[in-house]
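Test case, fold it:
(one chain, ligands or ions: 1)
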Amino acid sequence: MKKNIILMGPPASGKGTVAKKLQSTFHLSHISTGDMFRDAKSAGTELGLLAATYMDRGDLVPDEVTIGVVKERFSKGDLGDGFLLDGFPRTIDQAEALKGFTDGTPLAVDAVINLDCDEEELVRRISGRRVCRNCGAPYHIETMKPKVEGVCDICGGELYQRADDNEEALRVRLSHYYESTQPLLEYYDKLGLLKNFESEVGADVLYEEIVKFLSE
Ligand code: AMP
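Take a look at the predicted model:
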(Lines give C-alpha, C1' and ligand atoms only; values in the text may rest on other atoms or scores of the structure.)
Protein backbone atom coordinates (compact mmCIF):
# COMPACT_ATOMS: atom_id res chain seq x y z
CA MET A 1 0.00 0.00 0.00
CA LYS A 2 1.34 3.40 -0.99
CA LYS A 3 1.02 5.65 2.06
CA ASN A 4 3.20 8.74 1.64
CA ILE A 5 1.32 10.64 -1.02
CA ILE A 6 1.50 14.02 -2.77
CA LEU A 7 -1.76 15.28 -4.28
CA MET A 8 -1.26 17.64 -7.21
CA GLY A 9 -3.55 19.50 -9.59
CA PRO A 10 -4.82 23.03 -10.25
CA PRO A 11 -6.96 24.90 -7.71
CA ALA A 12 -10.36 23.17 -7.23
CA SER A 13 -9.29 20.01 -9.10
CA GLY A 14 -10.54 17.97 -6.11
CA LYS A 15 -7.37 17.52 -4.00
CA GLY A 16 -9.08 18.48 -0.73
CA THR A 17 -12.10 16.25 -1.34
CA VAL A 18 -9.94 13.22 -2.17
CA ALA A 19 -7.66 13.93 0.81
CA LYS A 20 -10.55 14.09 3.30
CA LYS A 21 -11.89 10.72 2.10
CA LEU A 22 -8.49 8.99 2.06
CA GLN A 23 -7.60 10.45 5.44
CA SER A 24 -10.58 8.93 7.22
CA THR A 25 -10.32 5.52 5.49
CA PHE A 26 -6.57 4.94 5.69
CA HIS A 27 -5.43 6.82 8.81
CA LEU A 28 -3.18 9.17 6.84
CA SER A 29 -2.42 12.74 7.93
CA HIS A 30 -3.86 15.40 5.65
CA ILE A 31 -1.25 18.15 5.41
CA SER A 32 -2.66 21.10 3.50
CA THR A 33 -0.42 24.16 3.42
CA GLY A 34 -3.42 26.27 2.33
CA ASP A 35 -5.38 25.13 5.44
CA MET A 36 -2.34 25.79 7.64
CA PHE A 37 -2.03 29.35 6.28
CA ARG A 38 -5.80 29.98 6.59
CA ASP A 39 -5.78 28.70 10.20
CA ALA A 40 -2.83 30.96 10.99
CA LYS A 41 -4.67 33.88 9.36
CA SER A 42 -7.83 33.27 11.48
CA ALA A 43 -5.68 32.99 14.60
CA GLY A 44 -4.07 36.33 13.69
CA THR A 45 -0.52 35.03 14.11
CA GLU A 46 2.48 36.71 12.50
CA LEU A 47 2.69 33.83 9.98
CA GLY A 48 -1.02 34.17 9.19
CA LEU A 49 -0.84 37.92 8.60
CA LEU A 50 2.19 37.48 6.36
CA ALA A 51 0.64 34.58 4.40
CA ALA A 52 -2.64 36.48 3.94
CA THR A 53 -0.92 39.27 2.03
CA TYR A 54 0.03 36.72 -0.65
CA MET A 55 -2.89 34.32 -0.35
CA ASP A 56 -5.75 36.79 -0.68
CA ARG A 57 -4.55 38.00 -4.08
CA GLY A 58 -3.71 34.50 -5.29
CA ASP A 59 0.08 34.77 -5.09
CA LEU A 60 2.36 32.09 -3.69
CA VAL A 61 3.71 32.48 -0.16
CA PRO A 62 7.55 32.66 -0.38
CA ASP A 63 9.31 29.29 -0.51
CA GLU A 64 11.37 29.78 2.65
CA VAL A 65 8.23 30.42 4.71
CA THR A 66 6.26 27.51 3.20
CA ILE A 67 9.13 25.03 3.42
CA GLY A 68 9.68 26.01 7.07
CA VAL A 69 6.02 25.36 7.91
CA VAL A 70 6.02 21.91 6.27
CA LYS A 71 9.36 20.92 7.76
CA GLU A 72 8.09 21.82 11.22
CA ARG A 73 4.91 19.75 10.67
CA PHE A 74 6.99 16.73 9.58
CA SER A 75 9.33 17.08 12.54
CA LYS A 76 6.38 16.64 14.95
CA GLY A 77 6.30 12.99 13.86
CA ASP A 78 2.59 12.27 14.51
CA LEU A 79 1.71 11.45 10.91
CA GLY A 80 -0.38 8.31 11.47
CA ASP A 81 0.32 5.59 8.87
CA GLY A 82 1.49 8.12 6.26
CA PHE A 83 0.64 11.51 4.80
CA LEU A 84 -1.35 13.24 2.09
CA LEU A 85 0.40 16.43 1.06
CA ASP A 86 -2.20 18.75 -0.46
CA GLY A 87 -0.97 21.98 -2.06
CA PHE A 88 2.71 21.27 -1.37
CA PRO A 89 5.11 21.25 -3.16
CA ARG A 90 4.15 24.00 -5.61
CA THR A 91 7.65 24.88 -6.85
CA ILE A 92 10.76 22.91 -7.80
CA ASP A 93 12.59 24.40 -4.78
CA GLN A 94 9.85 23.12 -2.47
CA ALA A 95 10.04 19.68 -4.10
CA GLU A 96 13.81 19.59 -3.67
CA ALA A 97 13.49 20.62 0.00
CA LEU A 98 10.89 17.89 0.62
CA LYS A 99 13.13 15.33 -1.05
CA GLY A 100 16.01 16.51 1.15
CA PHE A 101 14.22 15.90 4.44
CA THR A 102 12.31 12.71 3.50
CA ASP A 103 14.46 10.64 1.10
CA GLY A 104 16.11 7.69 2.79
CA THR A 105 13.66 7.91 5.72
CA PRO A 106 10.30 6.17 6.33
CA LEU A 107 8.72 9.43 5.09
CA ALA A 108 10.02 9.10 1.51
CA VAL A 109 7.27 9.86 -1.03
CA ASP A 110 5.61 6.71 -2.49
CA ALA A 111 3.42 8.31 -5.16
CA VAL A 112 2.33 11.62 -6.69
CA ILE A 113 -1.31 11.74 -7.73
CA ASN A 114 -2.14 14.40 -10.30
CA LEU A 115 -5.76 15.44 -10.84
CA ASP A 116 -6.39 16.83 -14.33
CA CYS A 117 -9.34 19.16 -14.82
CA ASP A 118 -10.67 21.38 -17.60
CA GLU A 119 -10.27 25.14 -16.89
CA GLU A 120 -13.98 25.97 -17.43
CA GLU A 121 -14.88 23.35 -14.86
CA LEU A 122 -12.34 24.81 -12.39
CA VAL A 123 -13.98 28.25 -12.68
CA ARG A 124 -17.43 26.71 -12.11
CA ARG A 125 -16.20 24.80 -9.07
CA ILE A 126 -14.38 27.79 -7.56
CA SER A 127 -17.30 30.20 -7.90
CA GLY A 128 -19.66 27.85 -6.00
CA ARG A 129 -17.16 26.46 -3.52
CA ARG A 130 -17.82 26.78 0.21
CA VAL A 131 -15.48 25.51 2.93
CA CYS A 132 -16.02 24.66 6.59
CA ARG A 133 -14.38 27.28 8.79
CA ASN A 134 -13.71 24.65 11.43
CA CYS A 135 -12.55 21.43 9.68
CA GLY A 136 -11.87 22.64 6.12
CA ALA A 137 -14.31 20.18 4.48
CA PRO A 138 -15.22 21.37 0.97
CA TYR A 139 -18.79 21.85 -0.41
CA HIS A 140 -20.37 23.31 -3.56
CA ILE A 141 -23.60 25.32 -3.60
CA GLU A 142 -24.98 23.24 -6.49
CA THR A 143 -23.14 19.93 -6.76
CA MET A 144 -22.00 19.13 -3.19
CA LYS A 145 -24.60 20.75 -0.93
CA PRO A 146 -24.50 20.26 2.82
CA LYS A 147 -27.60 18.73 4.45
CA VAL A 148 -28.35 22.07 6.16
CA GLU A 149 -27.48 25.23 4.22
CA GLY A 150 -24.35 26.94 5.55
CA VAL A 151 -23.54 24.18 8.06
CA CYS A 152 -20.84 21.49 7.78
CA ASP A 153 -22.24 17.90 7.73
CA ILE A 154 -19.12 16.58 9.47
CA CYS A 155 -18.54 18.95 12.39
CA GLY A 156 -21.41 21.50 12.38
CA GLY A 157 -18.97 24.34 11.57
CA GLU A 158 -19.93 27.42 9.57
CA LEU A 159 -19.43 27.28 5.78
CA TYR A 160 -17.82 30.29 4.12
CA GLN A 161 -16.41 31.41 0.78
CA ARG A 162 -12.61 31.71 0.73
CA ALA A 163 -11.22 35.22 0.14
CA ASP A 164 -9.27 33.90 -2.87
CA ASP A 165 -12.21 32.03 -4.45
CA ASN A 166 -13.06 34.82 -6.88
CA GLU A 167 -12.34 35.13 -10.59
CA GLU A 168 -9.54 37.68 -10.26
CA ALA A 169 -7.55 35.71 -7.66
CA LEU A 170 -8.25 32.48 -9.54
CA ARG A 171 -6.63 33.90 -12.68
CA VAL A 172 -3.50 34.73 -10.65
CA ARG A 173 -3.54 31.29 -8.97
CA LEU A 174 -3.84 29.54 -12.32
CA SER A 175 -0.95 31.51 -13.78
CA HIS A 176 1.24 30.45 -10.82
CA TYR A 177 0.04 26.90 -11.31
CA TYR A 178 1.04 26.81 -14.99
CA GLU A 179 4.37 28.60 -14.44
CA SER A 180 5.65 27.15 -11.17
CA THR A 181 3.69 24.02 -10.29
CA GLN A 182 3.00 22.26 -13.59
CA PRO A 183 6.76 21.72 -14.24
CA LEU A 184 6.70 19.51 -11.14
CA LEU A 185 4.72 16.92 -13.08
CA GLU A 186 7.72 16.27 -15.30
CA TYR A 187 9.99 16.33 -12.24
CA TYR A 188 7.97 13.57 -10.53
CA ASP A 189 7.43 11.66 -13.76
CA LYS A 190 11.20 11.40 -14.16
CA LEU A 191 11.41 10.05 -10.62
CA GLY A 192 8.84 7.37 -11.59
CA LEU A 193 6.35 8.60 -8.99
CA LEU A 194 3.65 10.32 -11.09
CA LYS A 195 0.17 8.91 -11.75
CA ASN A 196 -2.44 10.99 -13.64
CA PHE A 197 -6.20 10.89 -13.00
CA GLU A 198 -9.08 12.64 -14.73
CA SER A 199 -10.94 14.58 -12.02
CA GLU A 200 -14.12 15.15 -14.04
CA VAL A 201 -15.26 11.51 -13.83
CA GLY A 202 -16.99 12.45 -10.55
CA ALA A 203 -15.88 12.26 -6.93
CA ASP A 204 -16.96 8.64 -6.24
CA VAL A 205 -15.43 7.08 -9.38
CA LEU A 206 -12.25 9.13 -8.94
CA TYR A 207 -11.94 8.00 -5.35
CA GLU A 208 -12.34 4.31 -6.31
CA GLU A 209 -9.68 4.64 -9.03
CA ILE A 210 -7.25 6.26 -6.59
CA VAL A 211 -7.79 3.65 -3.89
CA LYS A 212 -7.17 0.90 -6.46
CA PHE A 213 -3.91 2.57 -7.53
CA LEU A 214 -2.73 3.07 -3.94
CA SER A 215 -3.43 -0.57 -3.13
CA GLU A 216 -1.48 -1.96 -6.13
P1 AMP B 1 -4.75 26.16 -1.45
O2 AMP B 1 -5.69 26.01 -0.29
O3 AMP B 1 -3.85 24.98 -1.63
O4 AMP B 1 -5.46 26.56 -2.71
O5 AMP B 1 -3.77 27.38 -1.09
C6 AMP B 1 -4.28 28.67 -0.86
C7 AMP B 1 -3.16 29.68 -0.93
O8 AMP B 1 -2.19 29.43 0.10
C9 AMP B 1 -2.34 29.67 -2.21
O10 AMP B 1 -2.96 30.40 -3.28
C11 AMP B 1 -1.05 30.33 -1.74
O12 AMP B 1 -1.20 31.72 -1.55
C13 AMP B 1 -0.87 29.71 -0.36
N14 AMP B 1 -0.14 28.42 -0.47
C15 AMP B 1 -0.61 27.18 -0.15
N16 AMP B 1 0.33 26.26 -0.37
C17 AMP B 1 1.41 26.91 -0.85
C18 AMP B 1 2.69 26.48 -1.30
N19 AMP B 1 3.05 25.19 -1.31
N20 AMP B 1 3.57 27.44 -1.72
C21 AMP B 1 3.24 28.75 -1.71
N22 AMP B 1 2.03 29.21 -1.33
C23 AMP B 1 1.12 28.31 -0.89
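
rest of the way, CA atoms for contacts and neighbours
Noted.

Centre-most residue in the protein?
By CA atoms, centre = their mean, the chain has its centre lying nearest to D86, at 2.7 Å.

I'd say that one and G16 touch.
Yes: the pair D86 and G16 passes the contact test of CA atoms under 8 Å, sitting 6.9 Å apart.

and E168, how many neighbours does it have?
A count of neighbours around E168, defined by other CA atoms under 10 Å, yields 11.

contact partners of the helix or strand containing it?
Per DSSP states H and E: E168 is located in helix 167-176. Helix 167-176 is contacted from outside by P10, P11, D56, R57, G58, D59, L60, V123, I126, S127, D164, using CA atoms under 8 Å, 6 or more residues apart in numbering.

For those residues, work out which two are farthest apart.
The span of the contacts of helix 167-176, defined through CA to CA, is set by L60 and S127 at 20.2 Å.

near the ligand, anything from the lowest-mean-pLDDT helix or strand in the chain?
Ranked by mean pLDDT, DSSP states H and E, the weakest helix or strand in the chain is helix 15-26, scoring a mean of 90. No: using CA under 6 Å from any ligand atom, we find that helix 15-26 stays clear of the ligand, coming within 8.3 Å at best.

Whichever helix or strand comes after that helix - contacts with which helices or strands?
Once helix 15-26 ends, the next helix or strand along the chain (criterion: DSSP H and E) is strand 29-32. Applying 3 or more CA pairs under 8 Å, 6 or more residues apart in numbering; DSSP states H and E, one finds that strand 29-32 contacts helix 15-26, strand 83-86.

Quick check: residues of the protein near the ligand?
Residues of the chain lying near the ligand (CA under 6 Å from any ligand atom): 11, 33-35, 54-55, 58-62, 66, 87-90, 173.

ok, of the residues you listed, which come out buried?
11, 33-35, 55, 58-61, 66, 87-90, 173 (16 or more other CA atoms under 10 Å).

Report the two of those separated the most.
P11 and T66 (17.3 Å).

V61 is in contact with Y54, isn't it?
Yes: using CA under 8 Å, V61 is in contact with Y54, at 5.6 Å.

hmm, back to that, bridging residues for the residue nearest to the centre of the chain?
Under DSSP bridges, the beta-bridge partners of D86 are L7, S32.

OK, contacts around the closest residue to K99 other than its chain neighbours?
What sits nearest to K99 in space, not counting adjacent residues and going by CA to CA, 6 or more residues apart in numbering, is A108, at 7.4 Å. Taking CA under 8 Å, 6+ apart, we find A108 in contact with N4, K99, T102.

The second one sits in which helix or strand?
Taking DSSP H and E as the definition, K99 sits inside helix 92-102.

What pairs with the following helix or strand past that helix, parallel or antiparallel?
Sequence-wise, the next helix or strand downstream of helix 92-102 (DSSP H and E) is strand 111-116. Paired strands of strand 111-116, with direction, are strand 4-8 (parallel), strand 194-198 (parallel) (DSSP bridges).

Can you say which of those strands is packed in most?
Comparing these by mean neighbour count (mean count of other CA atoms under 10 Å), strand 4-8 ranks first with a mean of 23.
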